[in-house]
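The following comprises the amino acid sequence and a computationally predicted model.
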Amino acid sequence: MMGKQVVWIFRDLLRCSGCRRCELACSLHHEGKMWPEASRIRIFMLFPGAEVIHLCSQCHDYPCVASCPVNALSVNKDTLAVKVDREKCISCGKCIDACPGNIPFLHPGDNKATICDLCDGDPECVKVCREARFDALWLLKQPRQWAEGNLNRKLFAQKPEDLTKDIGENIYGEKAKELV
């Protein structure tokens, strides 16, 4: 990811099958083993047929980074992904509260803030989703100027419950909102 372009993971929520290949690929890459609870991408199924892909949206204003009282979070200058300095993190959870989607989480192993780092610009989750031809995850390469100023990315930073209501309504109609 040299200077001119950065990447972003677009998600097509209606195409997600709930296979969780992305969770396993992420945990294998970051943890060296299959450990979905430690994956930086999560799939939530709050009712059947409505799988929700949940990962960092790289909000233009990075509320998680701004909320950290010890500056343990920063933005990678090459990928624009959030980086966590695990030595500095005090596990306070302020980044989780500040995120509009409650996307960061405390790692089940060391209880430190954990968030998608885009695998340094080559996300494993996208690769396995594309290999399986589910195409729920897409790697978008975009000019740095567009990525840094695009407000629309924050629309993807929503809580799984809210996204599930939208998906459920799309699949099952207005009554689905009552299920979540």
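On my side now, so go ahead.

what are the ranges of the strands in this structure?
5-11, 42-45, 51-54, 73-75, 82-84, 105-106, 113-114, 137-143 (DSSP state E).

quick one: the last one to chain centroid distance?
Its chain's C-alpha centre lies 14 Å from the corresponding centre of strand 137-143 when counted by C-alpha atoms, centre = their mean, to the nearest Å.

now that strand and strand 5-11, what's the angle there?
Interaxial angle, strand 137-143 versus strand 5-11 (axes from the mean of the first three to the mean of the last three C-alpha atoms, to 10 degrees): 150 degrees.

what residues does strand 137-143 touch?
With contact meaning C-beta atoms under 8 Å, 6 or more residues apart in numbering, strand 137-143 is reached by 4-12, 22, 53, 123, 125-126, 129-130, 150. Just so you know, the C-beta spots here come from the backbone N, C-alpha and C atoms, and that holds for glycine as well.

tell me which residues in it are buried?
By 16 or more other C-beta atoms under 10 Å, the buried positions in strand 137-143 come out as 137, 139, 142.

Out of the residues you listed, the closest to residue 67 would be?
Set against residue 67, the nearest of the buried residues of strand 137-143 by C-beta to C-beta is residue 142 (25.6 Å).

Now do the contacts for residue 68.
89, 94-95, 113.

Same check on residue 118?
Going by C-beta under 8 Å, 6+ apart, the list of residues near residue 118 reads 7, 9, 76, 79, 81.

Most neighbours among these, which one?
Among these, the one with the most neighbours (other C-beta atoms under 10 Å) is residue 9, at 25 neighbours.

Which residue comes closest to residue 80 once chain neighbours are left out?
residue 6 (4.9 Å; C-beta to C-beta, 6 or more residues apart in numbering).

What's the local residue count around the one you found?
Based on other C-beta under 10 Å, the number of other residues close to residue 6 is 25.

Which members of the contacts of strand 137-143 are classed as buried?
6-9, 11, 22, 53, 123, 125-126, 129.

Pick out the lowest-pLDDT one from those residues.
Taken together, these show their lowest pLDDT at residue 6, with 83.

ok, it touching residue 76?
No - assessed by C-beta atoms under 8 Å, residue 6 is found out of contact with residue 76, at 9.3 Å.

circling back to that earlier point, nearest to residue 29, of the strands of the chain?
Nearest of the strands of the chain to residue 29, taken as C-beta to C-beta: strand 113-114 at 13.1 Å.

quick one, helices of this protein?
Using DSSP state H, the helices of the chain run over 21-31, 63-67, 94-98, 124-131, 144-149, 160-172.
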